[in-house]
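Novice: Okay, sequence plus prediction incoming.
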Amino acid sequence: MSKYLSKLTFWKATAALILLAGAYSAGVRIFGGLGAATNLSDEFPWGLWIGFDILCGVGLAAGGFTLAAIVYIFNAKKFEPIIRPTILTAFLGYVLVIVALMFDLGRPNQIWHAIIMWNPHSVMFEVAWCVMLYTTVLSLEFLPVVLERFRLTKAMSVLKKISIPLIILGVLLSTLHQSSLGSLYLIVPEKLYGLWYTPYLPVFFFVSAIAAGCGMIIFESFLSSRAFNRGLEMGLLSEIGRVAVVMLSVYLTMKIVDLADRQAFSMLFVPRTETCLYWLEIIVGVVAPLLMLSQAKVRASQNGLFASAVMIILGFVLNRMNIGISGMEAWAGKSYFPSWMEIAVTLSIVVVGFIAFALATKYLPLFSHERTRERHIPTQEWIEDLMTVSQPH
Amino acid sequence: MIKKKAMLIDITLCIGCNSCQEACKAANGLPEGEEKRLSATAYTALEEHDGVFVRRMCQHCETPTCVSVCPVGALEKTPEGPVIYDESKCIGCRYCMQSCPFQVPRYQWGSTYPRIQKCVFCYDRIMKGLPTACSEACPTGATKFGDWDDLIVEAFDRIHAEPTKYIDKVYGQREVGGTSILYISSIPFEQLGFKTQLQTTPLPSLTWNALSKLPGVVSVGGVLLAGIWWITNRRIEVQRYEQELKKMDDRSNGSSDHLN
């Protein structure tokens, strides 16, 4: 028990330290400008906040629309027990992406300009609209959980009536958004290193996001079962692992066909940093989890499933960072490594995500078996609790 | 009809006196002082490559990448040639910097309310019928202002008049669909730091290939998803109905058994 406690305080202390550093860095960013807080430059205008916070944040939220489609469109109702935490992850992911964007934009107070000043030729314009609309859709998809908590049955029945069109809209917006993050890089054919630049970037972004979404569903189920001593829906998670196998196979096949199309196989053996990073991303994030998850034995084992999910996520993050950062360095003629303040802000955003998820797990009927059980937390106590948990200890 | 403006920069004539930068800074209200590279306070700069001076500035592309990528339309290509910037629209996403094939736009990194900084082809001056400040200040004629149609002819005339002196290429004639700034040189352009691998079709068409497919994806995708939902939902309803039927059957069978 004492071991458990000390472990808990260790994580709390780490989180508090990260948040402190993050708050300081945020202050420097706000009052000193981007130059004071980041290692960005004229040659390297997009860094960690775009490469990780935006590209990975949106991609890792892909579990939300994948599972929503499985449960509501394909009517595979057996997956219902894990839909709520997954939608919540997606929603939190998008909210945090917007937070990160507010730090990265030079003039965040003018972010709303995209609503009235249109340029339909710009991928960034599409991205902006997808973020706005899909965050709204996600909040509506998650709202029933909050309404249920406060027993607002009338509002719930209204939402229920529009749920299917809402889910369809959500899947469409996600498809557009995931792929458009890849389209952002279509315009830099000379800048982005040839192993990553392809006209199929939007398709690759979409397919890999679904695979990463599967990885995230498994990953977060394990974490919350660990953290809250909850049972694990192993049967369902193995099935999700199977979906990941399909998506990873599609992705790998397309990658090979694409290299063949562009006659770029020789690039796989050029002795450069980019080559190593590319191999790492493909082996760790695609080939290895594909081989592991295609075996029923691995899918049925907790460790095997968890390890595969972590590898898919790592490979995905590496892919996005390669496209957003490493693949650009050679052309830019300048290397970039994020400043400690950029890292602190990024980590803080991740920590805030974890805290928000933990709070929601505690106070909202997220997991199906709890829904039948009455929850006796008076509102007063609920708010007090919220205040204490949200403050770093 | 509006004549498209251009500048012809003859690298062989440049003596590196920096008058262009001085005049540019004065015309645009930028802080004085010589700068060797483009910056947030230098819209143009002379880069030295082994004693040869290469004037760098915004190329004012025919189909500018920056204009196409800006989500809020803060950058605009005017019919006269200049690519101009409206900072009141800008949200600071820096996509223009990321995507510019010539790495031109600069940012005010130290500012809490930064703007993009780049040459605007002395838009106000040329709308009044004046030449650009830099071309006016150039003592050797290395930078010449005029109509695009005239200057491209002049560029080739100069090359053909002295074919041993000049490289047979006008940089900017075709790069990414052509630019308003044209260069001629006696040294191969790649040795002077020019991007010579650029494609000749405008870059925005690459994005448009993907963006133009969106209405199709949305309509086909929407119908497809609704269709799948309709089928799977119907299947569940049928199953439920059959179960009900079976239950009723069982019940009536059971009761008839009981009666017998």
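Specialist: Thanks, I have the structure now.

Novice: where's A:His121, which helix or strand?
Specialist: A:His121 is part of no helix or strand when elements are defined by DSSP states H and E.

Novice: Surely it and B:Trp208 touch.
Specialist: Yes - in terms of Cβ atoms under 8 Å, A:His121 counts as a neighbour of B:Trp208; the distance is 6.7 Å. For every residue, glycine as well, the C-beta is placed using N, CA and C.

Novice: Could you check how far A:Leu172 is from A:Tyr200?
Specialist: 20 Å (Cβ to Cβ, to the nearest Å).

Novice: So for these two, which residue has more residues nearby?
Specialist: A:Leu172 (22 against 19; other Cβ atoms under 10 Å in any protein chain shown).

Novice: Tell me the secondary structure at B:Thr207.
Specialist: helix (DSSP: H, G, I helix; E, B strand; the rest coil).

Novice: Enumerate every residue touching it.
Specialist: By Cβ atoms under 8 Å, 6 or more residues apart in numbering or on different chains, the contact set of B:Thr207 is A:121-123, A:183, A:186-187, B:68-69.

Novice: Need the buried ones from these selected in PyMOL.
Specialist: Buried subset of the contacts of B:Thr207, written as a PyMOL selection, criterion 16 or more other Cβ atoms under 10 Å in any protein chain shown:
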select buried, (chain A and resi 121+122+123+183+186+187) or (chain B and resi 68+69)
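
Novice: Pick the one among the contacts of B:Thr207 closest to A:Gln263.
Specialist: Distance to A:Gln263, by Cβ to Cβ, is smallest for A:Leu186 among the contacts of B:Thr207, at 19.5 Å.

Novice: Just the pLDDT at the closest residue in space to the closest one that isn't next to it in sequence, thanks.
Specialist: Nearest non-adjacent residue to A:Leu186, counting by Cβ to Cβ, 6 or more residues apart in numbering or on different chains: B:Leu206, 4.7 Å away. pLDDT, B:Leu206: 90.

Novice: residues in contact with B:Leu206?
Specialist: Applying Cβ under 8 Å, 6+ apart to B:Leu206 gives the contacts A:186-187, A:189, A:199.

Novice: Nearest to chain B within chain A, name that residue for me.
Specialist: Across chain A, the shortest distance to chain B (Cβ to the nearest Cβ) belongs to A:Gly106, at 2.3 Å.

Novice: Report the separation between that residue and B:Thr143.
Specialist: 31 Å.

Novice: just to revisit the earlier point, just put the contacts of B:Leu206 in CSV and tack on distance to A:Phe354.
Specialist: Shown next, in CSV, are the contacts of B:Leu206 (distance: Cβ to Cβ, whole Å):
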residue, distance to A:Phe354
A:Leu186, 34
A:Ile187, 35
A:Pro189, 38
A:Pro199, 38
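
Novice: Give me the secondary structure label for B:Leu245.
Specialist: Classification of B:Leu245 by three-state DSSP places it in helix.

Novice: per-residue pLDDT, it?
Specialist: What the model reports for B:Leu245 is a pLDDT of 89.

Novice: Number of residues surrounding it?
Specialist: Count around B:Leu245 with other Cβ under 10 Å applied: 10.

Novice: coming back round to it: so the residue of chain A closest to chain B sits in a strand?
Specialist: No - using three-state DSSP, the assignment for A:Gly106 is coil, not a strand.

Novice: Does it touch B:Cys90 like I think?
Specialist: Yes - with contact defined as Cβ under 8 Å, A:Gly106 reaches B:Cys90; the gap is 7.5 Å.

Novice: Comparing these two, which residue is more hemmed in?
Specialist: Using other Cβ under 10 Å as the criterion, A:Gly106 and B:Cys90 rank with B:Cys90 on top: 25 against 22.

Novice: if I read this right, that one contacts B:Arg115, doesn't it?
Specialist: Yes - counting by Cβ under 8 Å, B:Cys90 does reach B:Arg115; the two are 6.3 Å apart.

Novice: Could you give me the buried positions within stretch B:210-221?
Specialist: Residues of stretch B:210-221 classed as buried by neighbour count (16+ other Cβ under 10 Å): B:210-211, B:214.
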